[in-house]
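**Q** turn this into a structure:
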Amino acid sequence: MLPFMLRPDQAMQEVATFNDKLVRGLTTLSTLGPIEVGASAKTAIYSEDKLVLYRFEPLVERPFAIPVLVVYALVNRPYMADLQKDRSMIRRLLEAGLDVYLIDWGYPDGADRYLGLDDYINGYISRCVDVVRARHGLPAINLLGICQGGTFSLCFSALHPERVKNLIVMVTPVDFHAGNNILSHWGRNIDVDLLVDTLGNVPGELLNFVFLSLRPYRLTGQKYVDVVNILDDAEQMKNFVRMEKWIFDSPDQAGEAFRAFVKDFFQNNGLMKGEIEIGGRTVDLRNITMPVMNVFATEDHLVPPDASRALKACVGTDDYREVSFRGGHIGIYVSGRAQRDIPAAIDTWLRARA
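**A** Sure thing, here's the model as predicted:
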């Protein structure tokens with residue numbers, strides 16, 4: 001008998017144990033109740049179309065004078081940054097004494113079909129920046145861009161450097177052709193014109209399937225086998241279901257913005273070539289002269305480290321810092337180590353540049 005093979009009685013025992021866990025798990029699942037997301041109190045201070053700009057309730061009496069505006073990606077919901085009380089990058093920033101705002105893009109529908117990158121960057125982001133600036137009486141604020149939102153923040157900062165005091169980007173693609181980037185290969189080979197001309201807006205479910213297919217065994221099979229081992233633990237199951245809720249809460253993408261992003265960034269790698277044009281102006285990363293912090297994850301399968309590290313050679317500032325996090329694209333928001341290290345690094349870096 002091969003060493004990895006079970007005897008029949010061992011196999012039967014494993015099956016019985018597995019079934020017992022499933023039965024006990026049904027009781028746990030039936031008692032979980034509603035799964036809440038978003039741990040920190042916040043107030044809507046501005047809205048436009050589907051967008052809502054929130055200010056999180058400060059957790060200190062006198063927050064840091066220069067606020068931080070978080071710009072999240074379009075392809076997922078931003079509550080990943082504030083998932084639950086003990087796994088919230090936002091909450092850790094608030095506890096450090098920062099004043100935090102966030103753009104919630106909402107759920108685009110047919111009315112948003114023809115929104116382009118100019119609408120998002122020179123329109124929505126620009127107006128949100130101005131709202132925060134006006135509230136605090138400041139000429140410039142801090143910008144924190146996450147993933148695709150980081151790419152948008154780079155574009156905004158290059159086009160409007162006078163309104164950004166300090167720029168932080170997290171797991172942000174810059175060189176879309178760098179590294180062994182499976183998502184990039186998908187984007188570079190898709191007929192995006194056929195996709196958008198046929199569907200209009202791009203369904204969130206379609207993109208979610210693409211992301212899951214990048215690691216099919218781990219993301220569509222193994223994790224559901226592994227979850228059997230925590231089915232009798234209500235708190236761990238709440239954590240699991242909360243994450244699942246975020247994964248499958250995927251907004252549709254405005255067709256024209258999606259077309260332009262795939263063509264200009266993924267296919268042409270225009271950010272590296274200096275060929276991105278938004279609102280009639282060229283995005284030149286050398287115009288980013290404010291201090292820059294670049295946070296990336298070493299095990300990121302969506303944005304490989306080399307795709308983020310490329311930023312250093314492109315910006316026009318000497319005040320540039322890289323923070324390398326040992327983990328993946330999602331772990332950088334929710335893991336215990338990330339909760340301890342990343343917000344503290346951001347807070348220290350910002351205060352040193354006040």
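**Q** surely residue 214 is in contact with residue 185?
**A** No: counting by CB atoms under 8 Å, residue 185 is not a contact partner of residue 214; they are 9.9 Å apart. In this view, the C-beta of every residue, glycine as well, is placed from N, C-alpha and C.
**Q** and residue 307, how close does it get to residue 267?
**A** To residue 267, residue 307 is 15 Å away according to CB to CB, to the nearest Å.
**Q** which parts of the stretch 201-350 of the chain are strands?
**A** 277-278, 281-282, 292-297, 320-325 (DSSP state E, counting those that start in this stretch).
**Q** the third one packs against which elements?
**A** Right, the one you point to is strand 292-297. On a contact count with 3 or more CB pairs under 8 Å, 6 or more residues apart in numbering; DSSP states H and E, strand 292-297 meets strand 164-170, helix 305-309, strand 320-325, helix 331-334, helix 336-351.
**Q** partner strands of it and their direction?
**A** On the basis of DSSP bridges, the sheet neighbours of strand 292-297 come out as strand 164-170 (parallel), strand 320-325 (parallel).
**Q** okay, stretch 243-253 in CSV with CA atoms only?
**A** Output in CSV follows, covering the C-alpha atoms of stretch 243-253 (Å, rounded to 0.1, in the frame of the first residue of the first chain):
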residue,chain,number,x,y,z
MET,A,243,-15.5,37.8,3.3
GLU,A,244,-17.7,35.8,0.9
LYS,A,245,-20.3,38.6,0.9
TRP,A,246,-17.6,41.1,-0.2
ILE,A,247,-16.2,38.8,-2.8
PHE,A,248,-19.5,38.3,-4.6
ASP,A,249,-20.7,41.9,-4.1
SER,A,250,-19.4,43.0,-7.4
PRO,A,251,-20.7,46.2,-9.1
ASP,A,252,-21.2,46.4,-12.8
GLN,A,253,-18.6,48.5,-14.7
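**Q** show the contacting residues for residue 48.
**A** 124, 127 (CB atoms under 8 Å, 6 or more residues apart in numbering).
**Q** that one bridge partners, please.
**A** Here residue 48, judged by DSSP bridges, has bridge partners residue 51.
**Q** now it: how far from residue 311?
**A** 29 Å.
**Q** what's the answer for residue 287, then?
**A** 13 Å.
**Q** out of the strands of the stretch 201-350 of the chain, indicate the one that is most buried.
**A** strand 292-297 (a mean of 24; mean count of other CB atoms under 10 Å).
**Q** and that one, how far from the chain's centre?
**A** Here strand 292-297 is found 13 Å from its chain centre; the criterion is CA atoms, centre = their mean, to the nearest Å.
**Q** now do that strand against helix 336-351, angle only.
**A** 180 degrees (axes from the mean of the first three to the mean of the last three CA atoms, to 10 degrees).
**Q** can you report how many residues lie near residue 316?
**A** Neighbour count of residue 316, defined by other CB atoms under 10 Å: 15.
**Q** one more: residue 177?
**A** Count around residue 177 with other CB under 10 Å applied: 17.
**Q** residue ranges with poor pLDDT in the stretch 151-300 of the chain?
**A** 217-221 (pLDDT under 70).
**Q** show me the helices in it, by range?
**A** With DSSP state H, counting those that start in this stretch as the definition, the stretch 151-300 of the chain shows helices at residue ranges 182-189, 192-199, 204-213, 216-217, 223-226, 234-247, 255-261, 270-273.
**Q** of these, which is nearest residue 131?
**A** For the helices of the stretch 151-300 of the chain, the distance to residue 131 is smallest for helix 255-261, at 21.4 Å, taking CB to CB.
**Q** can you give me the buried ones in that closest one?
**A** 255-261 (16 or more other CB atoms under 10 Å).
**Q** and residue 339, how far is that from residue 82?
**A** Taking CB to CB, one finds residue 339 at 12 Å from residue 82.
**Q** kindly reformat the strands paired with strand 292-297 as CSV containing distance to residue 64.
**A** Compiled in CSV, these are given as follows (distance: least, CB to CB, whole Å):
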stretch, distance to residue 64
strand 164-170, 11
strand 320-325, 18
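**Q** nearest to residue 354, of these?
**A** Nearest of these (CB to CB): strand 164-170, 8.9 Å.
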